[in-house]
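[1] This is the structure alone, sequence omitted:
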């Protein structure tokens, strides 16, 4: 066996069940080695998506290593790899949700369509916060909503990682008029990102103060999603990525709200890796068109604390675990 496959590495693991889980740090997992077209990345930083602890894919994976947002350098390439990437290059990636192993480890395997050159103007910690939020925003705005220039949109959870990326992409590239549902404490930040109007999410009647939006981009789900139906115009569009998914997701029936709003198109989607979009986002970051997401960095030894922080509401910055020096 290759030395890459025989040595051990440190990694985060999630043990137990979705209802009764615990996050631990292991130092005895085997370091992977790439086969076929796979890419082995030495992970410098990995972002945390707290909702992953309820994803069934995590509990079906062999070693329960979470994490799909990573940034690092290319350590090795599989024997069949024929793409443009080279050893030692700095890259960032979104590892697919159903991959055998996640990225919160010292070394991670990724496929070519998951990996792009890292934005050169930001750190590995900042880059590790970007892939899922950036890809989700791009897919929602351009592939699903297909918004026209100058349209009007409501973004729930606008100050979160996904919300902040939707705000920027929709505003900077399509000049969308954006209403952001968020805490008033985030008003200055959101206005800097491009939000026209901030509405307080804690107000019980916030939905009565918003009318006629072309699209709703929901990152919260639950009651917030239900109320958002009252803000969209009669032939508008609603996309949600809230966790847990609504009962009607994955072909399990239709939203009850369609009885009152029969012409509204609605969609729940799970984001997919796309190296081409990541490359484009990197160029937008590097030319200053899009700002990186604020991060809260934790050392590897603080991984359990990092996960605890990531699960809190109102946190300032996406939790990122640093695995090594850049």
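    Here it is on my side, so go on. What you see is a predicted model, and the numbers here were worked out from it, not measured in a lab. Numbers count the residues shown, from 1 in each chain.
[2] C-alpha from now on. contacts and neighbour counts both.
    Will do.
[3] Tell me where the model's unsure across the stretch 1-150 of the chain.
    By pLDDT under 70, the low-scoring segments of the stretch 1-150 of the chain are 1-6.
[4] which of the residues in stretch 198-217 are buried?
    For stretch 198-217, burial by neighbour count (16 or more other CA atoms under 10 Å) applies to 198, 199, 200, 201, 206, 207, 213, 214, 215, 216, 217.
[5] which element is the first one on?
    If you go by DSSP states H and E, residue 198 is part of strand 197-200.
[6] Report all helices and strands that that strand contacts.
    Judged by 3 or more CA pairs under 8 Å, 6 or more residues apart in numbering; DSSP states H and E, strand 197-200 is in contact with strand 177-182, helix 187-193.
[7] contacting residues around the last one?
    Okay, so that is helix 187-193. Residues outside helix 187-193 that contact it (CA atoms under 8 Å, 6 or more residues apart in numbering): 158, 159, 164, 167, 168, 180, 197, 198, 291.
[8] now with 6 Å?
    Contacting residues not belonging to helix 187-193 are listed as residue 168 [CA atoms under 6 Å, 6 or more residues apart in numbering].
[9] How far away from the center of its chain is that helix?
    With CA atoms, centre = their mean, to the nearest Å as the basis, helix 187-193 stands 20 Å off its chain's centre.
[10] which residues of the stretch 1-150 of the chain fall in strands?
    Secondary structure of the stretch 1-150 of the chain by DSSP state E, counting those that start in this stretch: the strands cover 8-16, 21-30, 39-47, 69-77, 90-94, 107-110, 115-117.
[11] who touches residue 42 in this structure?
    Per CA under 6 Å, 6+ apart, neighbours of residue 42: 72, 73, 75, 107.
[12] please redo it, this time with the cut-off set to 10 Å
    By CA atoms under 10 Å, 6 or more residues apart in numbering, residue 42 lies in contact with 70-76, 88, 90-91, 103, 105-109, 323-324.
[13] Mind giving me the ChimeraX select for those residues, buried ones only?
    The ChimeraX selection below is limited to those of the contacts of residue 42 classed as buried (16+ other CA under 10 Å):
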select :70,71,72,73,74,75,76,90,91,103,105,106,107,108,109,323
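[14] quick one: average pLDDT of the strand holding residue 198?
    Taken as a whole, strand 197-200 has an average pLDDT of 98.
[15] Just after that strand, pick out the following helix or strand.
    Heading C-terminal from strand 197-200, the first helix or strand you meet, by DSSP H and E, is strand 213-218.
[16] which helices and strands does that next one pack with?
    The helices and strands touching strand 213-218, judged by 3 or more CA pairs under 10 Å, 6 or more residues apart in numbering; DSSP states H and E, are strand 152-156, helix 161-174, strand 177-182, helix 222-228, strand 232-240, strand 265-268.
[17] got the domain boundaries for the chain?
    Taking the TED database as the reference, the chain has its domains at 8-131+292-322, 145-268.
[18] can you tell me the distance between the two ends of the shortest one?
    Same thing as domain 145-268. Taking CA to CA, to the nearest Å, domain 145-268 runs 12 Å from one end to the other.
[19] For residue 80, give its distance to residue 154.
    The span separating residue 80 from residue 154 equals 45 Å under the rule CA to CA.
[20] Looking at the two, which one has more neighbours?
    Using other CA atoms under 10 Å, the more surrounded residue of residue 80 and residue 154 is residue 154, with 30 against 11.
[21] Contacts only, for that one.
    Neighbouring residues of residue 154 by CA under 10 Å, 6+ apart: 167, 176-181, 195, 197-199, 210-218, 228, 231-232, 238.
[22] Quick check: it vs residue 121, distance?
    Distance of residue 154 to residue 121, computed by CA to CA: 30 Å.
[23] and residue 252, how many neighbours does it have?
    Neighbour count for residue 252, taken as other CA under 10 Å: 9.
[24] Name the helix or strand for it, please.
    Assigned by DSSP H and E, residue 252 falls within no helix or strand.
[25] That one against residue 268, yeah?
    No: under the criterion of CA atoms under 10 Å, residue 252 makes no contact with residue 268, lying 11.3 Å away.
[26] okay, and the common contacts of the two?
    With CA under 10 Å, 6+ apart, residue 252 and residue 268 have common neighbours residue 246.
[27] Residue 286: what's it in contact with?
    If you count contacts by CA under 10 Å, 6+ apart, then residue 286 has 118, 119, 120, 121, 122, 280, 292 around it.
[28] Which residues are in contact with the fifth one?
    Residue 122 makes contacts with 282, 285, 286, 291, 292, as judged by CA under 10 Å, 6+ apart.
[29] Pull out the buried members of those.
    Buried members of the contacts of residue 122, scored by 16+ other CA under 10 Å, are 282, 285, 286, 292.
[30] Same list (those) but as JSON lines, adding secondary structure, pLDDT and distance to residue 319.
    Formatted as JSON lines, these follow (DSSP: H, G, I helix; E, B strand; the rest coil; pLDDT from 0 to 100; distance: CA to CA, whole Å):
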{"residue": "282", "secondary structure": "helix", "pLDDT": "98", "distance to residue 319": "20"}
{"residue": "285", "secondary structure": "helix", "pLDDT": "98", "distance to residue 319": "20"}
{"residue": "286", "secondary structure": "helix", "pLDDT": "98", "distance to residue 319": "22"}
{"residue": "292", "secondary structure": "coil", "pLDDT": "96", "distance to residue 319": "14"}
